[in-house]
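Trainee: Could you work out the structure for the sequence below:
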Amino acid sequence: MALDEAAFNDAYRAHAGRLRAVAYDVLHDPAAAEDAVHSALMRVWSGGSYRADRGALLPFLIACVRREALDTVRGSKRRHLREVKVAADDPVAIDETAAIDPIEARRIRLALDTLPEGQRDVITRAYFGHRTLLEVAREADLPLGTVKSRLAAGLRRLHTVLSLGAAPS
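Mentor: As a prediction, the model looks like this:
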């Protein structure tokens, strides 16, 4: 027999804060914790799985919420592993310039191709990879000053190439 709505509301009001804390401890995300509490309470409410003769309500709800939160973590890990496997099997090249006018995107790609590898790498990581210069320096295992110098030189060269008005050949 399913719990009635009044019992659900009473349980939620009385225990939601504690249950969110339990879910947050597992998920480390307030919105996901709220979702786990809601899902667990809905499952208990609609399934009528709580029986007072087996123990107090709060420990039962804590166990249900914890199980729901752990299922969420496991599902996220499985989804991430599937995505990694698919990405490894069929890599997709993301073209950050795709939102730009196709003619301009082609000019930018061709202009980037004229740069020395070091300058092109720094510009690509910083602008298209959305990384800070410090992150670029760490990833490329370069001193921050070198990254800044390559970026400045590469941008000057890009400006020169793109200012010519015609697409480089």
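Trainee: Can you say which helix or strand has Val147 in it?
Mentor: helix 144-163 (DSSP states H and E).
Trainee: could you say what helices and strands that helix packs with?
Mentor: Using 3 or more CB pairs under 8 Å, 6 or more residues apart in numbering; DSSP states H and E, the elements in contact with helix 144-163 are helix 102-113, helix 117-123, helix 133-140. Backbone N, C-alpha and C define where each C-beta goes, glycine included.
Trainee: what's the closest of these to Ala31?
Mentor: helix 133-140 (26.6 Å; CB to CB).
Trainee: how far does the closest one sit from the chain's center?
Mentor: 20 Å (CA atoms, centre = their mean, to the nearest Å).
Trainee: just checking, what packs against it?
Mentor: For helix 133-140, the packing partners by 3+ CB pairs under 8 Å, 6+ apart are helix 117-123, helix 144-163.
Trainee: So which bits of it are buried?
Mentor: Leu133, Val136, Ala137 (16 or more other CB atoms under 10 Å).
Trainee: The second one contacts Ile123, doesn't it?
Mentor: No. At 9.4 Å, Val136 does not count as touching Ile123 under the criterion of CB atoms under 8 Å.
Trainee: Arg54 and Tyr24, how far apart?
Mentor: 26 Å (CB to CB, to the nearest Å).
Trainee: Looking at those two, which is more packed in?
Mentor: Tyr24 (17 against 8; other CB atoms under 10 Å).
Trainee: and that one, what does it touch?
Mentor: By CB atoms under 8 Å, 6 or more residues apart in numbering, the residues touching Tyr24 are Pro30, Ala33.
Trainee: so where does it fall, helix or strand?
Mentor: helix 5-27.
Trainee: just Glu83 next, same as before
Mentor: Per DSSP H and E: helix 57-89 holds Glu83.
Trainee: so how far is that helix from its chain's centroid?
Mentor: Worked out by CA atoms, centre = their mean, helix 57-89 lies 15 Å from the chain centre.
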